[in-house]
Structures are given as structure tokens and as C-alpha cells.
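heads up, no residue letters with this:
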């Protein structure tokens with residue numbers, strides 16, 4: 001890990017802050033992914049909340065649904081142009097994941113719905129066979145101020161769907 005890559009001077013020099021780890025496709029490996037991501041984001045002085053939850057969900061999915069005995073999954077984090085990209089790659093690319101709407105009393109099945117809600121964009125990249133990568137992006141740059149007055153009579157905020 002190159003902690004200097006997160007410094008502004010290093011970013012101006014074209015260095016892309018990045019981190020990658022190969023982890024076992026087990027619940028312990030998923031936990032390690034979350035802990036490593038949190039430490040790396042702290043080292044880069046980046047916000048943790050959404051990124052930590054996204055890593056936890058994607059790593060848990062890789063360890064649960066993308067598990068192939070004897071094969072690991074890869075966690076990759078990098079920052080380019082004010083965007084944090086989180087990638088989790090496993091070796092079970094036969095069935096690309098899709099968000100599901102589980103029953104209200106279901107104890108699982110909401111992981112991708114959480115990723116969809118927390119990420120600014122997310123998707124699936126297949127290949128090279130048999131791999132698939134689930135990625136999510138978070139915009140790090142603050143949005144520009146549009147003035148201090150509220151628009152709309154109700155005072156409610158409108159939000160475009162995140163993808």
C-alpha cells in the first residue's frame with residue numbers, strides 16, 4: 001500500500017491511489033475485506049460510511065453467492081477524478097447478480113438494494129471467464145451550492161434515481 005499516493009501532490013503527478021487484496025471466499029474473508037477497506041479509506045482520509053457498507057455487502061455476496069471452493073475473491077479500491085471506485089471480483093460469473101425484493105420477513109436478499117441506495121453508480125462487468133466484477137462508485141467531490149433558497153412549495157427534496 002502506498003499511503004503517499006493519497007497526498008494532493010501525488011495525485012497531481014498522475015498517481016492513482018489504489019488498493020487491492022486477494023481474500024478467501026469465506027465469511028472471515030468478507031470481514032477482512034471490510035476491515036482492510038476501512039483502514040485504507042482512513043489512510044486516504046476519505047469518508048467511510050457508504051463505502052464501508054458497500055464493501056461489506058459486495059464482499060459478503062462474493063463469499064456467499066460467488067464462492068467456488070479453492071478460489072478467492074479480490075477487493076480493489078481506487079480514486080480517480082474525485083470518484084472512489086469499489087470493485088469485488090469473484091470466479092462465479094455464470095449468473096450476474098440482480099437486486100431482488102425479498103419478502104418483508106426475509107432475513108437476507110437486500111445486499112444489492114443497499115448498494116444501489118448507497119452508491120452513485122454501480123454495475124456488473126463479466127470476464128474474463130469465469131470472473132465477474134461487481135463495482136460501485138461514490139462521488140467524493142462536493143456538489144456545488146445552488147443558492148440558499150429552497151425550491152418547491154412543500155419543502156421536500158427531489159432526488160433522481162441513483163445508478
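Ah, there it is. What you see is a predicted model; the values in this text were computed from it and never measured.

whichever helix or strand residue 122 is part of packs against which elements?
Element membership of residue 122, judged by DSSP states H and E, is strand 121-126. Where contact means 3 or more Cβ pairs under 8 Å, 6 or more residues apart in numbering; DSSP states H and E, strand 121-126 is packed against strand 132-139. (Each C-beta comes from the backbone N, C-alpha and C, glycine too.)

just the angle between the strand it packs on and strand 121-126, please?
Angular relation of strand 132-139 and strand 121-126 on a 0 to 180 degree scale: 160 degrees, by axes from the mean of the first three to the mean of the last three Cα atoms, to 10 degrees.

flag the shaky bits of the chain, pLDDT-wise.
Low-confidence regions of the chain, defined by pLDDT under 70, span residues 1-14, 93, 99, 102-103, 105-109, 142-163.

what strand or helix carries residue 62?
Secondary-structure element containing residue 62, defined by DSSP H and E: helix 49-64.

after that helix comes which helix or strand?
strand 72-80.

what packs against whatever helix or strand comes next after that next one?
On the C-terminal side of strand 72-80, the closest following helix or strand by DSSP H and E is strand 83-90. Helices and strands touching strand 83-90, as assessed by 3+ Cβ pairs under 8 Å, 6+ apart, comprise helix 27-43, helix 49-64, strand 72-80, strand 132-139.

contact partners of the last one?
I take that to be strand 132-139. Strand 132-139 is contacted by residues 50-51, 54, 58, 61-62, 66, 82-90, 92-93, 96-97, 115, 118-126 when judged by Cβ atoms under 8 Å, 6 or more residues apart in numbering.

for that strand, buried residues please.
Of the residues in strand 132-139, those buried by neighbour count under the rule 16 or more other Cβ atoms under 10 Å are 132-138.

identify the farthest-apart pair in those residues.
For those, the maximum inter-member distance is 20.6 Å, found between 132 and 138 (Cβ to Cβ).
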